[in-house]
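Engineer: sequence unknown, structure follows:
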Ligand code: GLU
């Protein structure tokens, strides 16, 4: 056992050496590798075939120039990425992130996580991720369109319904997917809905895709609570962020009887003790693309805390839905001290390793992103199914499928954790369960 751990430690050191400076990628790899010691004891063939070393090396990485002109006619240059990480279970699948912080290390951490997340959905999708350091904030519609067209002018040659199917992530929503789909169609002269997901409802999109990540994460937390004979009823909840994931997390929490009292953006926090007014948040964020501070101008009894830390507010359920590493060790300790009993990650890797340690040691319900937020990509796979069948399903039918998928993911993570002697540890359960399916497919496909 100790010998095996030493081997895995060596593999991790090799990842550090081969990928210098990519700290988020290192963090994502370490979280998975730390769980695999007992797995390779049961499956020595994974060591023999170097499955772990191979899984840490993307199958293909594409980096490209994205030139475009702003409204003043000035030439701008951004960098585009697509990391096609693993296609053992299906075509590469994963979102595109447009944010100034994007560099190869961020895209690789997201792509790596996506392999195991997509495996957990039980649907036939491999893992990939992409994006750009383009900042959509403050850009006009025309500028966003010109950027998206230039981005797709390179990316289109790498995509395909059976090859690689991007979707949205931070900074990429229905508007951006629309512009990219239009450009793909124009360049290829093919109407191929299967090359992108998150499309508009009249041109190949799926009902529930918009709501899916937030709804799915809330279903996952609901399952964790149920496993402890508890529920959302009358729970005070915090949801960080105020984008697509946050909005539909708040909506589902309210539907399940919880009360969400705070959300945030990168400038500050809104605290509304009697419960957030979701219609107003949707109007501000989805329709008018404004900042969350404007909420307090409408609701005088709500408090706007500029540069505030949402995790200082007492709650029973916390659902980080903004971005990576938004909960550190100190925040996690504050949450636990204030009586938080469940954390469900709508964002990707929102908790630092120190924070995760605090949650696991406190033995509260902690649902890591790759399990809890898999509802988004799962519903993308349902969109692909509808596209392939030239079909479109009702909201109720699709939502029921999403709920069943989340219940299944929870059960698989829960049972895997028990099987490996760590009951209640969803980090271990998710990483092992997600890994084994990919590893077995890789063994079956031979050395490729
Ligand atoms: N970006 C989302 C995620 O992190 C969704 C990806 C997709 O729908 O392909 O899983």
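Structural biologist: Yep, that arrived. In this text the structure is predicted, and so the values were computed from the model without any measurement.

Engineer: pLDDT score assigned to the residue in the chain that the ligand sits nearest to?
Structural biologist: Residue nearest to the ligand within the chain (C-beta to the nearest ligand atom): residue 95, separated by 2.7 Å. Every C-beta, even on glycine, is put in place using the N, C-alpha and C of the backbone. Looking at residue 95, its pLDDT reads 98.

Engineer: tell me which element it is part of?
Structural biologist: strand 92-98 (DSSP states H and E).

Engineer: same for that strand, what does it pack against?
Structural biologist: Strand 92-98 is packed against strand 75-86, helix 104-120, strand 126-132, strand 164-168, helix 375-388, with contacts defined by 3 or more C-beta pairs under 8 Å, 6 or more residues apart in numbering; DSSP states H and E.

Engineer: the nearest residue to residue 124 once chain neighbours are set aside: neighbour count?
Structural biologist: For residue 124, ignoring the flanking residues on the chain, the nearest one in space by C-beta to C-beta, 6 or more residues apart in numbering is residue 90 at 3.8 Å. For residue 90, the neighbour count with other C-beta atoms under 10 Å is 19.

Engineer: then residue 264?
Structural biologist: Neighbour number of residue 264 under other C-beta under 10 Å is 25.

Engineer: distance check, it against residue 281.
Structural biologist: 11 Å (C-beta to C-beta, to the nearest Å).

Engineer: shared neighbours of the two, anything?
Structural biologist: 242, 292 (C-beta atoms under 8 Å, 6 or more residues apart in numbering).

Engineer: mind listing what the nearest residue to the residue of the chain closest to the ligand once chain neighbours are set aside touches?
Structural biologist: Leaving aside its chain neighbours, residue 95 sits nearest to residue 169 (3.3 Å; criterion: C-beta to C-beta, 6+ apart). Residues counted as contacts of residue 169 (C-beta under 8 Å, 6+ apart) are 94-97, 110, 129, 131.

Engineer: got the buried residues for the strand holding residue 95?
Structural biologist: 92-98 (16 or more other C-beta atoms under 10 Å).

Engineer: direction included, what does it pair up with?
Structural biologist: strand 126-132 (parallel), strand 164-168 (parallel) (DSSP bridges).

Engineer: report the angle between that strand and helix 104-120.
Structural biologist: Counting by axes from the mean of the first three to the mean of the last three C-alpha atoms, to 10 degrees, strand 92-98 lies at 140 degrees to helix 104-120.

Engineer: interface residues of the stretch 251-400 of the chain facing the ligand?
Structural biologist: Taking C-beta under 6 Å from any ligand atom, the part of the stretch 251-400 of the chain that reaches the ligand is made up of 348, 376-377, 380.

Engineer: can I assume residue 146 is in contact with residue 69?
Structural biologist: Yes: when contacts are counted by C-beta atoms under 8 Å, residue 146 is listed as touching residue 69 (6.3 Å).

Engineer: more neighbours, those two?
Structural biologist: residue 146 (19 against 14).

Engineer: ok, the more buried one to residue 407 distance?
Structural biologist: 43 Å.

Engineer: now swap in residue 57 and tell me
Structural biologist: For residue 57 relative to residue 407 (C-beta to C-beta), the value is 34 Å.

Engineer: and residue 333, by the same measure?
Structural biologist: Distance from residue 333 to residue 407, by C-beta to C-beta: 31 Å.

Engineer: neighbours of the nearest residue to residue 325 once chain neighbours are set aside, just the number please.
Structural biologist: Nearest non-adjacent residue to residue 325, counting by C-beta to C-beta, 6+ apart: residue 352, 5.2 Å away. Applying other C-beta under 10 Å, we find 19 residues neighbouring residue 352.

Engineer: doesn't residue 328 make contact with residue 352?
Structural biologist: Yes: under the criterion of C-beta under 8 Å, residue 352 makes contact with residue 328 at 4.9 Å.

Engineer: give me the most central residue, the chain.
Structural biologist: residue 348 (4.3 Å; C-alpha atoms, centre = their mean).

Engineer: for that one, which residues are in contact?
Structural biologist: Contacts of residue 348 (C-beta under 8 Å, 6+ apart): 109-110, 113, 323-324, 369-370, 373.

Engineer: count the residues that sit near residue 424.
Structural biologist: Residues near residue 424, counting by other C-beta under 10 Å: 17.

Engineer: SS state for it?
Structural biologist: Of the three states, residue 424 takes coil according to DSSP: H, G, I helix; E, B strand; the rest coil.

Engineer: can you pull the contacts of it?
Structural biologist: Residue 424 neighbours (C-beta under 8 Å, 6+ apart): 363, 365, 417.

Engineer: next up, phi/psi of the nearest residue to the last one once chain neighbours are set aside, please.
Structural biologist: Okay, so that is residue 417. Leaving aside its sequence neighbours, residue 417 sits nearest to residue 429 (C-beta to C-beta, 6+ apart; 3.5 Å). Main-chain dihedrals, residue 429, degrees, to the nearest 10: phi -60, psi -50.

Engineer: quick check: residue 160 touching residue 196?
Structural biologist: No: the criterion here is C-beta under 8 Å, and residue 160 misses it with residue 196 at 10.9 Å.

Engineer: so those two - more neighbours on which side?
Structural biologist: Remark: of residue 160 and residue 196, residue 196 carries more neighbours, 26 against 15, as counted by other C-beta under 10 Å.
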